[in-house]
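A.B. asks: Fold the following.
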Amino acid sequence: MDNFYDVNDFFAYVLRKCKSFIGIIIVIALVYGGVRGINLLQEYRNQPKEEENVTEENKDGDEPIWSRVLININIEPVYKEVDGNTIDTTEQIIEAYRKLGSSEKVMNHMYDTWFEKAAKEAEARKTKLHDYGYILDKELKNPYAKADFMSQFLLDGIDFGNLSRSVGTDNTSEHIMAIGFKAMDEKLAKEIAADYAKQVTELVKNTVGDFKYQMDDTTVLYEFPSASAGTQSTRYISNVSSGTKITLHYVAVQTVKGVVWGVMIGLLASVILMFFGYMLTRKVYTVSDLKKYGFPVIGLGFMPKKAGKKLWGKLFSMLEGYNWSCSGIDELANEIIRSQHGAEKVIVVAGNGVHSLAAKMVKYLNGTEEEVFVLYNKKEWKAFETETKANIIFVERFGKSLKCELEQEIAFWNEKGMSVTGIVGID
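C.D. replies: Got it, this is the predicted structure:
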């Protein structure tokens, strides 16, 4: 917990664990995106060969569905002077639409003009509803009456059957009246809705006076029919039953999106895991881990086969404030020679985690200097411990050397009366 607030050391730790850091992100991204892709692919395979599509003219065998056609009449505000005050009288026009929309004059015209076509559509609709299990056998024989026809008209966006409960409620806009017709033949519904809007508007103008208005875009809402009591619908419903068909392109796009989200989640998870690893690790990972023992850091270098030594050296130098040697063990050995020049004692190089590299370093040192450099080995040291005093240099490898072993080494040499004169760090 000594380095809890040292952000630089944490980033240095992450750099040394970059493979694990990136690996966590990749695994989570692939798992997240893969699960998403597999689920969508399963839905793609399970969907019907021909998805039920909502079209203007429902083909035989297609899912029965209501088309609620609404024509939005946008009424320009009408202002009048009353006792010196300007009053918006547009609400009076809206109320006239509500009252006259179900007037006998308008409805008689609609009945005379459209009832026969609506009755033919109703027969086809009942057959389809029966085939899909929405209505009972006895309902198939029920005649299509005038009341059924009237109940399909929409006034103020509400079915005539629900009109008495809804008239007078607030609209989304005070200046818009939505009127129309619903049927399972969308083309017929649009024709009847257009005529209905025309007839009601003419009657309103004759009643309250001329006003300006504009027929906005027609809105078509789709809804599944309700099933009669005692029936069981056989229609297929999936999460794309609203008309969106799952395609391989859709699966691919959503999978890629899943991978992107997985990268973001993986990045967060990786940072959290790296943080706990940094706080709880038992290994030497940073220069601060070496410094805390109170010995001078003689040099810092890389393993011979380390790729990108110059780049890593610059990054670690910026984060940890020490110069790194990128020329191999020769330069590190020279640093040891400079630090130990003139010593009259035997110099012991103790390798903790990099024994083979320490052995090469000792061989190089003994070929360049008169001082006696030996590689520490407990069996061989017995020849020196009774009569020889030595200076000790530790060679530790980041990510390999254990802190507990280094502490044991220090205690061992202190018991022997030897002095530790420095540490070399290898990445």
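
A.B. asks: now the residue minimising distance to the centre of the chain, what's its secondary structure?
C.D. replies: The chain has residue 261 as the residue nearest its centroid, 3.6 Å off, counting by C-alpha atoms, centre = their mean. Residue 261 carries the three-state label helix when classified by DSSP: H, G, I helix; E, B strand; the rest coil.

A.B. asks: Contacts only, for it.
C.D. replies: Residues in contact with residue 261 (C-beta atoms under 8 Å, 6 or more residues apart in numbering) are 32, 33. C-beta coordinates here come from the backbone N, C-alpha and C atoms, glycine included.

A.B. asks: So it versus residue 32, what's the distance?
C.D. replies: Here residue 261 is placed at a distance of 6 Å from residue 32 (C-beta to C-beta, to the nearest Å).

A.B. asks: With residue 17 instead?
C.D. replies: Taking C-beta to C-beta as the measure, residue 17 falls 22 Å from residue 32.

A.B. asks: Sort out which residues of stretch 286-294 are buried, please.
C.D. replies: Going by neighbour count (16 or more other C-beta atoms under 10 Å), the buried part of stretch 286-294 is 286, 287, 288, 289, 290.

A.B. asks: Equivalent analysis for stretch 213-226, please.
C.D. replies: Buried-residue list, stretch 213-226, by 16+ other C-beta under 10 Å: 213, 220, 225.

A.B. asks: Format the residues you listed as CSV; extra columns: secondary structure, distance to residue 124 and pLDDT.
C.D. replies: Shown next, in CSV, are those (DSSP: H, G, I helix; E, B strand; the rest coil; distance: C-beta to C-beta, whole Å; pLDDT from 0 to 100):
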residue, secondary structure, distance to residue 124, pLDDT
213, strand, 35, 85
220, strand, 19, 86
225, coil, 14, 83
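
A.B. asks: Contacts only, for residue 224.
C.D. replies: Per C-beta under 8 Å, 6+ apart, neighbours of residue 224: 63, 64, 65, 66, 235.

A.B. asks: Show me where the stretch 51-200 of the chain has its strands.
C.D. replies: Secondary structure of the stretch 51-200 of the chain by DSSP state E, counting those that start in this stretch: the strands cover 66-75, 79-82, 85-88, 153-155, 158-159, 176-183.

A.B. asks: Any idea which of the ones you listed gets closest to residue 111?
C.D. replies: strand 153-155 (10.5 Å; C-beta to C-beta).

A.B. asks: quick one on the thing from earlier: list only buried entries from the contacts of residue 224.
C.D. replies: Neighbour-count burial (16+ other C-beta under 10 Å) applied to these gives 63, 64, 65, 66.

A.B. asks: any idea how far the third one lies from residue 189?
C.D. replies: Yep, that's residue 65 we're talking about. Taken as C-beta to C-beta, the span from residue 65 to residue 189 is 12 Å.

A.B. asks: Over to the last one?
C.D. replies: Relative to residue 189, residue 66 is positioned 9 Å away (criterion: C-beta to C-beta).

A.B. asks: Check residue 157 too.
C.D. replies: For residue 157, the distance to residue 189 - C-beta to C-beta - is 15 Å.

A.B. asks: what do you get for residue 406?
C.D. replies: Distance, residue 406 to residue 189, using C-beta to C-beta: 84 Å.

A.B. asks: Could you check which of the two has the larger neighbour count?
C.D. replies: residue 189 (26 against 21; other C-beta atoms under 10 Å).

A.B. asks: Give me the local confidence score for that one.
C.D. replies: Listed pLDDT for residue 189 reads 92.

A.B. asks: what's it in contact with, if anything?
C.D. replies: Residue 189 sits next to 67, 68, 69, 180, 181, 182, 183 when contact means C-beta under 8 Å, 6+ apart.

A.B. asks: wait, what's in contact with the second one?
C.D. replies: The contact partners of residue 68, taken as C-beta under 8 Å, 6+ apart, are 154, 180, 182, 189, 220, 221, 222, 223.

A.B. asks: Pull the number of nearby residues for residue 211.
C.D. replies: Number of residues near residue 211 (other C-beta under 10 Å) recorded here: 17.

A.B. asks: cool, and residue 212?
C.D. replies: Neighbours of residue 212 (other C-beta under 10 Å): 9.

A.B. asks: and the nearest residue to residue 152 once chain neighbours are set aside, bridged to which residues?
C.D. replies: Distances taken as C-beta to C-beta, 6 or more residues apart in numbering place residue 182 nearest to residue 152, at 5.2 Å, with adjacent residues excluded. Beta bridges link residue 182 to residue 68, judged by DSSP bridges.

A.B. asks: How far does the strand or helix carrying residue 410 sit from its chain's centre?
C.D. replies: Assigned by DSSP states H and E, residue 410 falls within helix 403-415. Relative to its parent chain, helix 403-415 has a centroid offset of 50 Å by C-alpha atoms, centre = their mean, to the nearest Å.
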